[in-house]
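Enquirer: sequence and predicted structure are below.
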Amino acid sequence: MFFQRIGRRENARVVADARRRFRTWRGERPFCAGLFTFTAGLPIIYFPYARLDFGAIPLALSTSAGAGSLIIGVLLLTLALALWFHRQARVFAGITIILLALISFPVANFGGLIIGLVSGLIGGSLACAWIPPTGATDAQPAADRASPPVPVGQDHGGK
């Protein structure tokens, strides 16, 4: 029973440490921009090759633009990974994501039925707008160290 408790505590520490490291990693890069871009690439790739059935009515969105939508979708997925792992290319990637999302509207079934288009535009905009965090941030300006504030009602030590 003692060893089971220690094992649970150790697992909790490992999980807490992993969450803390992921939170730090996520805060140092345009994570949400990459997530929106990744979300944009999936429907753009999926819908031209999908066969959807609504009851007895089959719906196939396959067109001659299947290769174009595959290329656009793969590029969006690649740019999402680039945002996560090469944050220096965020402006280039953001502009490219916006252009690919706009091109996907006529090429890839209305931009993945509008889902990929809107998600790509949001992801590209977030990538362009993201600013890397600064190393040292001061929440308050440095106070004068010579005269600390004295609480009201205290003896000021006057003579």
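Expert: It's in.

Enquirer: which parts of the protein are strands?
Expert: Ranges of strands in the chain, per DSSP state E, are 51-54, 57-60.

Enquirer: let's see the first one as CSV, backbone CA atoms only.
Expert: Going back to what we said before, that points to strand 51-54. What follows is strand 51-54, C-alpha atoms only, in CSV (Å, rounded to 0.1, in the frame of the first residue of the first chain):
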residue,chain,number,x,y,z
ARG,A,51,-18.0,10.1,-49.9
LEU,A,52,-20.7,11.3,-47.5
ASP,A,53,-24.1,9.6,-47.1
PHE,A,54,-27.1,11.4,-45.8
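
Enquirer: and the residue nearest the centre of the chain, how far from Ser69?
Expert: Nearest residue to the geometric centre of the chain (C-alpha atoms, centre = their mean): Cys32, 1.7 Å. Between Cys32 and Ser69 the distance, using C-beta to C-beta, to the nearest Å, works out to 24 Å. Using the backbone N, CA and C atoms, a C-beta is placed for each residue, glycine as well.

Enquirer: and the residue nearest to the centre of the chain, how close does it get to Leu99?
Expert: Shown here: Cys32 relative to Leu99, a distance of 20 Å by C-beta to C-beta.

Enquirer: got it, and Leu42?
Expert: Leu42 is 19 Å from Leu99, by C-beta to C-beta.

Enquirer: so who does the residue nearest to the centre of the chain touch?
Expert: Shown in contact with Cys32 (C-beta atoms under 8 Å, 6 or more residues apart in numbering): 123, 126.
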